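# pasting the structure only:
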Ligand SMILES: NC(=O)c1ccc[n+]([C@@H]2O[C@H](COP(=O)([O-])OP(=O)(O)OC[C@H]3O[C@@H](n4cnc5c(N)ncnc54)[C@H](OP(=O)(O)O)[C@@H]3O)[C@@H](O)[C@H]2O)c1
């Protein structure tokens with residue numbers, strides 16, 4: 001971070017397919033000064049999320065990103081200068097923030113409520129970017145409320161080594177389900193089985209993936225937590241049981257696809273199976289469920305303290321490397337929650 005400089009990465013152009021370097025623009029402005037009843041937050045960590053790729057498109061289910069404005073995401077920040085009585089330099093705040101060095105805040109979140117301070121005694125200050133934050137909450141709602149997963153059922157999770165999938169699988173284990181995780185390659189499969197305690201891990205990159213998945217689900221699939229779509233969905237689909245539930249969380253394998261017409265039409269088969277097997281295929285957007293965040297944080301905080309939830313993080317040094325890391329994440333070349341270190345963390 002340059003002294004008295006505020007770097008920001010702007011959204012320069014809507015990508016066609018995989019984002020290019022020219023779709024992002026790094027600018028420098030003077031460090032902003034907080035006005036009366038404002039404070040300046042220094043960004044320490046920036047979490048990268050696949051949803052940003054969808055929001056780069058003109059039409060999507062979440063508000064599209066505006067061109068020439070900073071990209072944004074969940075950030076861990078430290079109060080740097082404050083003209084607000086309730087916030088002092090050094091306070092840690094997790095909030096929606098820019099891909100940048102600093103932001104000015106009036107101390108209120110998007111819901112108009114005061115921004116909560118993060119108590120470092122609660123654990124790692126990066127946990128609210130994933131297990132204690134939006135991705136953990138997404139796993140919780142998707143699995144338990146949308147998917148209605150029950151003890152003894154077979155739950156299949158795609159994107160199982162990622163931020164949402166790894167949490168969904170661990171919650172399913174806590175709830176007594178038999179959990180089959182789908183991940184790419186030996187290392188990620190070993191991680192979800194040996195470290196996270198999934199019952200079985202199946203590698204979607206194997207040529208015999210569909211057969212291996214079938215063998216891993218001898219009683220079929222009761223809940224399929226959909227994170228990736230595409231060929232993985234094709235392999236899970238025939239295994240769905242009568243009354244199976246499919247919480248549709250994301251389809252990250254298709255976010256860079258430009259020609260959606262070219263994707264094979266699964267609709268007739270999907271409708272027939274939905275009827276015959278009485279399937280529930282339900283999309284959900286986590287912002288519709290924010291009222292349940294306190295329940296989640298209480299429960300997940302307990303699981304974390306008891307050592308029942310584990311996680312993996314991949315740190316990237318330097319704001320300027322965020323676009324490259326973002327692309328690597330979309331291509332599943334990263335391993336664990338991708339977190340950009342923008343500036344020095346406060347001493348604990
Ligand atoms: N509905 C909502 O409100 C909501 C909220 C948050 C997130 N989401 C969605 O949840 C999903 C997971 O997000 P995340 O934060 O967990 O992302 P993440 O940490 O980047 O993980 C994504 C996972 O997707 C897998 N993946 C990527 N490309 C794939 C492909 N072509 N085929 C198969 N698997 C592939 C990767 O598997 P490997 O690394 O094993 O290859 C990776 O583990 C995304 O679709 C995201 O948009 C939805």
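Here it is on my side, so go on. The shown structure was predicted, so the numbers you read here are calculated from the model rather than taken from an experiment.
# Next up, the contacts around residue 249.
Taking Cβ atoms under 8 Å, 6 or more residues apart in numbering as the criterion, residue 249 is in contact with 138, 142, 164, 225, 226, 227, 284. The way it works is simple: take the backbone N, C-alpha and C, and place the C-beta from them, glycine included.
# Quick check: chain neighbours aside, which residue is closest to the last one?
So that's residue 284. Distances taken as Cβ to Cβ, 6 or more residues apart in numbering place residue 146 nearest to residue 284, at 4.9 Å, with adjacent residues excluded.
# wait, that neighbour sits on residue 247?
Yes. If you go by Cβ atoms under 8 Å, residue 146 and residue 247 touch, sitting 3.8 Å apart.
# returning to that earlier point: if you rank the contacts of residue 249 by neighbours, which is first?
Neighbour tally across those (other Cβ atoms under 10 Å): the maximum, 32 neighbours, falls on residue 225.
# Next up, phi/psi of that one, please.
Backbone geometry at residue 225, expressed as degrees, to the nearest 10, gives phi -90, psi 110.
# Which residues are in contact with it?
Going by Cβ under 8 Å, 6+ apart, the list of residues near residue 225 reads 139, 142, 143, 147, 155, 156, 157, 158, 165, 168, 247, 249.
# Neighbouring strands - and their directions - for the longest strand seen in the chain?
Longest strand in the chain by number of residues (criterion: DSSP state E): strand 72-82. Here strand 72-82 has these sheet partners by DSSP bridges: strand 39-47 (antiparallel), strand 92-98 (antiparallel).
# And for it, what's in contact with it?
33-34, 39-49, 52, 65, 87-99, 102-103, 118, 125-126, 128-129, 133-134, 342, 346.
# Show the buried residues in the contacts of residue 225.
139, 142, 143, 147, 155, 156, 157, 158, 165, 168, 247, 249 (16 or more other Cβ atoms under 10 Å).
# Can you tell me which of the residues you listed is closest to the ligand?
residue 249 (4.5 Å; Cβ to the nearest ligand atom).
# Now do the SS call for the residue nearest the centre of the chain.
The chain has residue 135 as the residue nearest its centroid, 4.3 Å off, counting by Cα atoms, centre = their mean. With DSSP: H, G, I helix; E, B strand; the rest coil as the basis, residue 135 sits in helix.
# Helices of the stretch 151-300 of the chain, start to end?
163-174, 186-190, 209-216, 230-236, 267-276, 293-305 (DSSP state H, counting those that start in this stretch).
# what's the most buried one of those helices?
Comparing the helices of the stretch 151-300 of the chain by mean neighbour count (mean count of other Cβ atoms under 10 Å), helix 163-174 comes out on top with a mean of 28.
# got the contact list for that helix?
In contact with helix 163-174 (Cβ under 8 Å, 6+ apart) are residues 49, 130-131, 135-136, 138-140, 142-144, 149, 155, 157-160, 179, 181, 183, 192, 196-199, 223, 225, 227, 249-250, 303, 308-312, 336-337.
# Among those, which are located in strands?
Among the contacts of helix 163-174, the members falling in strands (DSSP E) are 155, 157, 179, 181, 183, 223, 225, 337.
# and those near the ligand, which?
183, 337 (Cβ under 6 Å from any ligand atom).
# Report the contact partners of residue 284.
Applying Cβ under 8 Å, 6+ apart to residue 284 gives the contacts 141, 142, 146, 247, 248, 249.
# How many residues are close by the closest residue to residue 19 other than its chain neighbours?
Of all residues not flanking residue 19 in the chain, residue 327 sits nearest, at 5.9 Å (Cβ to Cβ, 6+ apart). Using other Cβ under 10 Å, residue 327 has 21 neighbouring residues.
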